[in-house]
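Trainee: what's the 3D shape of this:
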Amino acid sequence: MTQSDIKFLTFNDGVAFVFDTDENDTIIANTARKYRFGNEKVGVTRYYGAKQNDIELSKVIHIHYDEKIQPDMALVIDCTRYKIEQVQHDRCKNPPCTILSLSCRGLYKEKANDF
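Mentor: Prediction:
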């Protein structure tokens, strides 16, 4: 792989908070992990692939590589809660990252500053 093959990522688009959830998909307090993120393009293939499975993708982001992130977790950006629909770990990007496909679940009553 040459230097020109590597995609350099930035994490300057905002801050996301990832929470553990219980069996009822309720956010578990005090489990927030903070990540800076970068927005990704929701491509046509990804969008229509999700549509075929009755999933409405709202956003795709990348965060620093973290294998602990699971689809059963909740993610909050600017008081909006998202469901993690898909997790992809990509070690080929620079730096290695985790790509999250998200669907909107509505407002989250807690403020991001409270985490």
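Trainee: and the most centrally placed residue in the chain, what does it touch?
Mentor: Closest to where the C-alpha atoms of the chain average out (CA atoms, centre = their mean) is Leu100, at 3.6 Å. Shown in contact with Leu100 (CB atoms under 8 Å, 6 or more residues apart in numbering): Val60, Ile61, His62, Ile63, Ile69, Leu75, Ile84, Gln86, Val87, Gln88. In this view, the C-beta of every residue, glycine as well, is placed from N, C-alpha and C.
Trainee: looking at it, the third one is touching Glu40, isn't it?
Mentor: Yes. Shown here, His62 and Glu40 form a contact pair, counting by CB atoms under 8 Å, at 5.7 Å.
Trainee: hmm, back to that, can I have the buried ones of the contacts of Leu100 as a ChimeraX selection?
Mentor: Burial among these is assessed by 16 or more other CB atoms under 10 Å; the matching ChimeraX selection reads:
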select :60,61,62,63,69,75,84,86
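Trainee: Relative to Asp13, which of the contacts of Leu100 is nearest.
Mentor: Lowest distance from Asp13 to the contacts of Leu100 (CB to CB) belongs to Ile61, with 7.4 Å.
Trainee: I'd assumed the closest one was in a strand, is it?
Mentor: Yes. Ile61: assigned to a strand according to DSSP: H, G, I helix; E, B strand; the rest coil.
Trainee: JSON lines please, covering the contacts of Leu100 and showing distance to Glu23 and pLDDT.
Mentor: Putting the contacts of Leu100 into JSON lines (distance: CB to CB, whole Å; pLDDT from 0 to 100) gives the following:
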{"residue": "Val60", "distance to Glu23": "27", "pLDDT": "92"}
{"residue": "Ile61", "distance to Glu23": "26", "pLDDT": "95"}
{"residue": "His62", "distance to Glu23": "29", "pLDDT": "94"}
{"residue": "Ile63", "distance to Glu23": "25", "pLDDT": "95"}
{"residue": "Ile69", "distance to Glu23": "19", "pLDDT": "96"}
{"residue": "Leu75", "distance to Glu23": "18", "pLDDT": "96"}
{"residue": "Ile84", "distance to Glu23": "16", "pLDDT": "94"}
{"residue": "Gln86", "distance to Glu23": "21", "pLDDT": "90"}
{"residue": "Val87", "distance to Glu23": "20", "pLDDT": "94"}
{"residue": "Gln88", "distance to Glu23": "25", "pLDDT": "92"}
